[in-house]
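# fold the following and give me the result.
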Amino acid sequence: MLGFRDVKTASSAALSAAVLFFLIAAGTATAQTTATVFVAGNTLGDFGNPSVDGNQPYVTGIVATGPGTIVITYLSGTVTDGPDVNTGPDGTTWDFGTQQAALQEASGISGGTIDNFDALIGIFVPQSRVQAPGFSPVDGTKDLVRVGLLPSTLFFIGTGKRLSVSGAGTLFLGINDDNAASNGGGYNVLITFTPAS
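Got it, this is the predicted structure:
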């Protein structure tokens, strides 16, 4: 038969084990991060050609703390571009002539008709680049900043995208255009980051 002292010791041991289990479980739980972001219609980041004053740097979407999955979901909004364009996040068809949109710059081509004019686009930048001295979320190939975004890593998002990332970094969002200074409107976007388990 257990005495009072034995019961007290057994209870303390059980409580300590429960606390230890809770701390281990809490340390291994995956903490999902969520953000709602507005991407203005003039968020061009100086991509494309001709890019002119008046467009804005890319918008920070979400910071990934390590490997995991980012899910981007369009919520609402349209982008207006002059009197002829009022489009959703998939964009619209437009003849660029000899000019170059951001996604065309990413592919190293220019001119002609594209199907995603004023579409929602993005870029994931590794943490080491974001933290480099002189970094700014604009085109890093036009000598505008010391460290910037590289067009070759831009990608189409449209109404949504699921993105696996292999390490820490930041998702930035923008608009696929060549000259977004006079654009209006924008896209409301929901973004979640779930760390790898």
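
# partner residues bridging the spatially most central residue of the chain?
For the chain, the residue nearest the mean C-alpha position is residue 171 (2.7 Å; C-alpha atoms, centre = their mean). Counting by DSSP bridges, residue 171 is bridged to residue 62, residue 124.

# now it: how far from residue 152?
The gap separating residue 171 from residue 152 is 16 Å, by C-beta to C-beta, to the nearest Å. Quick note: C-beta positions are derived from backbone N, CA and C, even for glycine.

# and what of residue 166?
Using C-beta to C-beta, one gets 17 Å for the distance from residue 166 to residue 152.

# can you check residue 85 too?
Distance from residue 85 to residue 152, by C-beta to C-beta: 27 Å.

# same question, residue 50
To residue 152, residue 50 is 20 Å away according to C-beta to C-beta.

# looking at the two, which one has more neighbours?
residue 152 (11 against 8; other C-beta atoms under 10 Å).

# how many neighbours does residue 36 have?
By other C-beta under 10 Å, the residues close to residue 36 number 10.

# just say helix, strand or coil for it.
Of the three states, residue 36 takes strand according to DSSP: H, G, I helix; E, B strand; the rest coil.

# that older thread, if I pick the residue nearest to the centre of the chain, what's in contact with it?
Contact analysis of residue 171 by C-beta atoms under 8 Å, 6 or more residues apart in numbering lists 60-64, 70, 72, 122-124, 163, 191.
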